[in-house]
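*Asks:* Predicted model and sequence follow; I will ask about them next.
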Amino acid sequence: MIEDMKDLIELLDFLELDYELNSSRPGLQTKMGEHISYNSLDLPSEYFKKLSKQAFSINLVSKNESDDKLDTVYNPTFNIDKFGKKDFSRNYRMEFAA
Amino acid sequence: MLAYHGTGLSNYEEILKTQSFTFKKRNNHWLGNGVYFFIEDFNRAKRWAEGNRPNKNTVPVVIEADFSFESGELLDLDKSEDLDKVNSFARNFITILRQKKVEVRDIDEHEFQCKLLEAFIYRNKNYRAICRTMPSTGNPPIGPSKFIPVAKQLNIVDCTKINLSSLKLHNWN
């Protein structure tokens, strides 16, 4: 468990996070400018459950093969709604990332 | 347990030459940073090697390794007991972040969850590997059996756990 401020800072530094203490905007700020509050974060067990239901969100692999190569896109937050479903099933398959 | 790592032949040769297994750090490895294996599933590792090996100019291969873990060395996230430990750590970490009004920049929820696991391992150094089973859609999602295909992944966090002298190479090319 994290006991004090020294513990916290040591951990944040180890994780190589870009952080600010006593901020007026506590929470996560995504690269896209979205703010995620700590109250809305899932615990790991809930997050894994969510991932299980969205297996397709793990890895998107293009079916367009040439010279036995596959183009792979790692996309953990992939949203199928952003794709035309017909095009999606024709051009991609989904795989588990490692 | 037998576990399989899909990669390219040049990587395997580099491992033997340097006598070390290395990995590229990434913020979104979902079981944290480390060397990933498929547990008891050669075919998934083969498929991974064929489609995802880092260097496509070398032939795909699968490296077989045999692992055994002492009590407390493997964080098995398929077990509720281990999941509870990670949850408890996460609850404490998030509470402190909230109390200290910490803003973390350039990170999404998935990356944060990966960091949570890394933080847990950092604070619990007895763990040398993490495993978890997830559904996999590399095969048809539901076949005639109606079972959803799954893959059990093993992330070796501490590479000294890999016995280099006992690695077995599978090369089908």
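*Replies:* Right, received. Where do you want to start? Numbering: from 1, shown residues only, chains lettered A, B, ... in the order given.
*Asks:* pull the longest helix from chain B.
*Replies:* Determined from DSSP state H, the single longest helix within chain B is helix B:80-99.
*Asks:* Relative to residue A:48, how far out is residue B:125?
*Replies:* Residue B:125 sits at a distance of 23 Å from residue A:48 (criterion: CB to CB, to the nearest Å). Heads up, the C-betas are built off the backbone N, CA and C, glycines and all.
*Asks:* what about the chain, any weak spots by pLDDT?
*Replies:* In the absence of a named chain, chain A is used. A:52-98 (pLDDT under 70).
*Asks:* that's the wrong chain, I meant chain B
*Replies:* Looking at chain B by pLDDT under 70, you get B:136-148.
*Asks:* residues contacting the nearest residue to residue B:26 once chain neighbours are set aside?
*Replies:* Leaving aside its sequence neighbours, residue B:26 sits nearest to residue B:33 (CB to CB, 6 or more residues apart in numbering or on different chains; 6.7 Å). Listed by CB atoms under 8 Å, 6 or more residues apart in numbering or on different chains, the contact set of residue B:33 reads B:23, B:25, B:26, B:118, B:157.
*Asks:* So residue B:33, which state does it fall into?
*Replies:* coil (DSSP: H, G, I helix; E, B strand; the rest coil).
*Asks:* and if you look at the one 5 residues further on?
*Replies:* Here residue B:38 takes the strand state, with states given by three-state DSSP.
*Asks:* I'd say it and residue B:154 touch.
*Replies:* Yes: Residue B:38 lies in contact with residue B:154 (CB atoms under 8 Å); the separation is 7.5 Å.
*Asks:* separation between residue B:66 and residue B:149?
*Replies:* With CB to CB as the criterion, residue B:66 and residue B:149 are 24 Å apart.
*Asks:* So those two - more neighbours on which side?
*Replies:* residue B:149 (17 against 12; other CB atoms under 10 Å in any protein chain shown).
*Asks:* That one reaches residue B:47, doesn't it?
*Replies:* No: using CB under 8 Å, residue B:149 is not in contact with residue B:47, being 11.4 Å away.
*Asks:* can you give me the strands in the chain?
*Replies:* Picked chain A for this. A:18-20, A:27-29, A:35-36, A:59-62, A:72-74, A:92-95 (DSSP state E).
*Asks:* let's do chain B instead
*Replies:* Using DSSP E, strands in chain B cover B:2-8, B:35-39, B:60-66, B:74-76, B:103-105, B:129-135, B:150-156, B:168-170.
*Asks:* between those, which gets nearest to residue A:35?
*Replies:* Among the strands of chain B, strand B:103-105 comes nearest to residue A:35, with 9.2 Å by CB to CB.
*Asks:* on contacts alone, who are the packing partners of the closest one?
*Replies:* For strand B:103-105, the packing partners by 3 or more CB pairs under 8 Å, 6 or more residues apart in numbering or on different chains; DSSP states H and E come out as strand A:18-20, strand A:27-29.
*Asks:* Okay, buried residues for it please.
*Replies:* B:103, B:104 (16 or more other CB atoms under 10 Å in any protein chain shown).
*Asks:* what residues are up against the closest residue to chain B within chain A?
*Replies:* Closest contact between chain A and chain B, by CB to the nearest CB, is at residue A:23 (3.5 Å). Residue A:23 makes contacts with B:101, B:102, B:103, as judged by CB under 8 Å, 6+ apart.
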